[in-house]
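Student: Fold the stuff below for me.
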Amino acid sequence: METSAPDVVNSSSADLAAEAEAGRTEVASLAERVSRLQSSEEDGAPRISRYEDTFADFSPDDIRVAAEAKRFFECHEGDRDFRAAVEAGGKFTDQQRRMLKDIGVTFEPEAMELLWLQPDLIERFPSLVIEHVSFEDVPSDLLAALAPYRELRIWLKWRHRMDRAVMLNKFKLSARRTLSPEYTAWRLRRVAAVRNELGWFGWSLDHPCHAVEMAVGCSVQCYFCAFDAGKLQTVFDLSRPENRELVRAVATGMIRVLGWPAGHGMLYWSTEPHDNPHYVKLLGLWEESTGAMLCTATARAGVDWVRELIDYYSTGPVPWPRISVLSRGMLRRLHAAFSPMELRDTQMLMQQKDVKAHRTVEAPPTEEVPGEGERIKVRARWRGAGHKVPGGREKMLQQLVGADDLRNVDFENRPEGFEPPQGSIACISGTLVNMVNRTVKLISPCYTTRQYPYGYRVFDEATFDDGPEGFEAALKRIIGRSMVVRPYPEMPMRWRDDLKVVSHPDGVTLLSPTTQRDFRRGELHVRTAELIGRGDLTYEQVFDALSDNPRIGPMVALSILDALFRKGLLCELAITRDYRARREAQDASLREPVVAAAAAA
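Tutor: Predicted coordinates:
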């Protein structure tokens with residue numbers, strides 16, 4: 001028998017209309033919320049962030065201790081001599097003890113002596129974030145060991161509380177629906193694909209929905225830059241009134257089209273925020289437009305600059321900015337200029353060359369997280385742990401030569417201690433906007449290769465003009481031509497390009513660089529893999545072939561193909577190219593406008 005595949009491209013219009021109508025309520029709600037936030041009140045109460053609520057039951061003295069303990073651990077990670085003293089059994093010099101006092105650590109180093117007396121015990125704590133809702137529920141032997149060490153216990157409780165809140169928030173944000181059904185479906189599919197392709201790193205992401213670059217190039221030129229940022233060329237000039245209006249237009253365009261994602265992103269990418277002298281004003285302008293404080297990561301540590309960032313974020317408060325600490329001297333200057341409480345919410349990412357070896361010696365604990373036939377190790381890790389990603393800069397890309405991932409080893413008998421590399425530093429599943437060039441790209445993280453040297457795939461690209469609706473029009477074009485909601489009859493069927501397919505008599509194993517996924521249910525999976533493996537069939541052809549099999553039938557065929565699509569195991573780039581060509585042929589308004597100068601040329 002022959003059963004036609006459903007024409008889901010056309011049949012989804014009623015669903016889209018219903019979801020869009022529901023979305024209009026969210027737009028009105030967001031506008032009202034922004035108004036309340038701007039007057040520092042919401043629901044009649046003073047503005048209090050969820051981050052602050054996380055530690056509402058900590059006493060002021062406990063918070064002070066946590067801030068000082070944070071500073072101690074920053075010294076441990078970012079100062080090789082201090083770290084050596086810990087590893088030597090707590091043999092601190094008088095100078096190191098004075099240094100701790102000078103930078104605001106009032107307790108003695110022995111308050112942290114479990115670091116060298118029972119290091120294995122301390123290394124167990126990151127995994128407890130997954131296992132235990134409350135710090136008080138951790139194994140009794142750990143609590144008993146911590147009982148004499150008040151400062152360490154407070155710090156680990158603080159970290160457990162913060163890391164668990166961050167983890168749950170990431171899961172919530174990764175699954176949250178937006179005003180655009182098309183973007184929601186695309187993003188959910190990319191979240192699933194990234195988790196499969198990048199393993200523990202993919203699971204650690206909350207998939208911000210946008211990054212907006214306010215410059216072209218970067219003045220810092222970090223040797224390890226995985227985006228291979230070029231030298232600074234120009235910055236977006238906020239002193240010009242028309243540019244301020246353009247920022248508002250981009251922010252409000254995101255609100256109108258997507259809703260809450262306008263507040264889930266950043267104003268940098270392969271750029272250094274400090275390069276733009278108006279950067280903090282840009283943060284404020286975006287907050288005025290959306291009600292959201294966007295995060296900042298910087299590799300500049302001038303006192304005035306850091307002070308400006310701290311002053312802005314402390315009004316939340318929120319756990320930003322993030323500072324990439326490029327040298328021990330930079331760390332010491334920051335510690336000398338700011339008290340532990342002033343940097344309590346600032347994340348210090350140690351990027352010194354001499355930290356690399358320390359980071360790669362001890363692998364953090366892992367937890368087995370079962371999926372639907374998926375075997376994956378999700379690392380519960382302390383901030384900063386892990387290798388530099390081999391991508392971006394040419395000398396970093398050279399590290400890809402001979403590098404092993406799960407596709408290159410005996411996955412059924414993995415070498416002891418084998419762990420695939422992080423694979424990417426990209427986090428956006430959405431739009432990458434450059435305000436100088438007036439460009440917007442649709443991107444999502446992937447495993448770094450020569451083909452994808454920056455650790456993300458580009459699915460579409462558009463330009464926008466300076467008009468009040470220029471960006472919104474470009475965003476709508478991308479959504480309309482490149483975001484597939486459901487499978488459609490002509491959709492190309494092939495595996496995602498990073499997957500290695502291993503055949504078995506009863507099915508297949510799909511190997512990404514980090515994750516093993518088994519499909520071993522006999523003829524259904526054997527036949528499905530064969531058809532998709534051909535690489536030249538459409539959805540309708542695969543569906544019909546499976547439906548005609550009396551042991552499978554149309555309902556089972558529909559179920560398996562829908563699952564493969566939703567889980568991001570099919571090649572999204574091939575789907576996007578095909579879908580865009582068809583949509584642009586149907587609707588000329590989805591095509592990129594022809595630039596007059598280019599047409600004349």
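
Student: per the record, what domains does this structure have?
Tutor: Annotated domains of the chain cover 8-22+487-586, 53-168 [automatic domain parsing].

Student: how far out from the middle of the chain is the first one?
Tutor: From the chain centre to the centre of domain 8-22+487-586 is a distance of 26 Å (Cα atoms, centre = their mean, to the nearest Å).

Student: pLDDT of that domain, averaged?
Tutor: Taken as a whole, domain 8-22+487-586 has an average pLDDT of 90.

Student: The last one now?
Tutor: Here the mean pLDDT over domain 53-168 is 94, rounded to a whole number.

Student: just to revisit the earlier point, make TSV from the domains of the chain and add mean neighbour count and distance to residue 231 to it.
Tutor: For every residue, glycine as well, the C-beta is placed using N, CA and C. Supplementary listing: those in TSV, determined by neighbours: other Cβ atoms under 10 Å; distance: least, Cβ to Cβ, whole Å:
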stretch	mean neighbour count	distance to residue 231
domain 8-22+487-586	17	30
domain 53-168	16	27
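
Student: possible to save the ones you listed as CSV with distance to residue 317?
Tutor: Output for these, formatted as CSV (distance: least, Cβ to Cβ, whole Å):
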stretch, distance to residue 317
domain 8-22+487-586, 33
domain 53-168, 10
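
Student: wait, which of these is closest to residue 470?
Tutor: When the domains of the chain are compared by Cβ to Cβ, domain 8-22+487-586 sits nearest residue 470, at 19.3 Å.

Student: what comes up buried for stretch 437-457?
Tutor: Buried positions in stretch 437-457, judged by neighbour count with 16 or more other Cβ atoms under 10 Å: 438, 440-448, 452-457.

Student: tell me, how many neighbours does residue 174 end up with?
Tutor: As a burial measure, residue 174 scores 20 neighbours (other Cβ atoms under 10 Å).

Student: Surely it forms part of a strand?
Tutor: No - counting by DSSP: H, G, I helix; E, B strand; the rest coil, residue 174 is not found in a strand; it is helix.

Student: What distance do you get for it to residue 494?
Tutor: 26 Å (Cβ to Cβ, to the nearest Å).

Student: can you pull out the helices in the stretch 501-601 of the chain?
Tutor: 523-534, 539-547, 553-566, 572-586, 596-600 (DSSP state H, counting those that start in this stretch).

Student: could you point out where the stretch 351-500 of the chain is predicted with low confidence?
Tutor: 356-388 (pLDDT under 70).

Student: can you map out the helices along the stretch 101-250 of the chain?
Tutor: Using DSSP H, counting those that start in this stretch, helices in the stretch 101-250 of the chain cover 114-117, 119-123, 125-131, 140-146, 150-175, 181-198, 200-204, 241-258.

Student: Same question for the last one: list its buried residues.
Tutor: It refers to helix 241-258. 243-244, 246-258.

Student: Roughly how far does residue 540 sit from residue 280?
Tutor: Relative to residue 280, and taking Cβ to Cβ, residue 540 is found at 54 Å.

Student: Then residue 526?
Tutor: Applying Cβ to Cβ to residue 526 and residue 280 gives a distance of 59 Å.

Student: now do residue 524
Tutor: From residue 524 to residue 280 the distance is 57 Å (Cβ to Cβ).

Student: surely residue 90 meets residue 114?
Tutor: No - contact criterion Cβ atoms under 8 Å: residue 90 and residue 114 do not qualify, at 10.1 Å.

Student: re the thing from before, residue 74 is nearest to which of the helices of the stretch 501-601 of the chain?
Tutor: helix 572-586 (39.9 Å).

Student: Provide the angle between the direction of that closest one and the direction of helix 553-566.
Tutor: On the basis of axes from the mean of the first three to the mean of the last three Cα atoms, to 10 degrees, helix 572-586 is oriented at 100 degrees to helix 553-566.

Student: What does residue 393 show for phi and psi?
Tutor: phi -60, psi 150 (degrees, to the nearest 10).

Student: nearest residue to it other than its sequence neighbours?
Tutor: Nearest in space to residue 393, with sequence neighbours left out and distances taken as Cβ to Cβ, 6 or more residues apart in numbering, is residue 228 at 5.4 Å.
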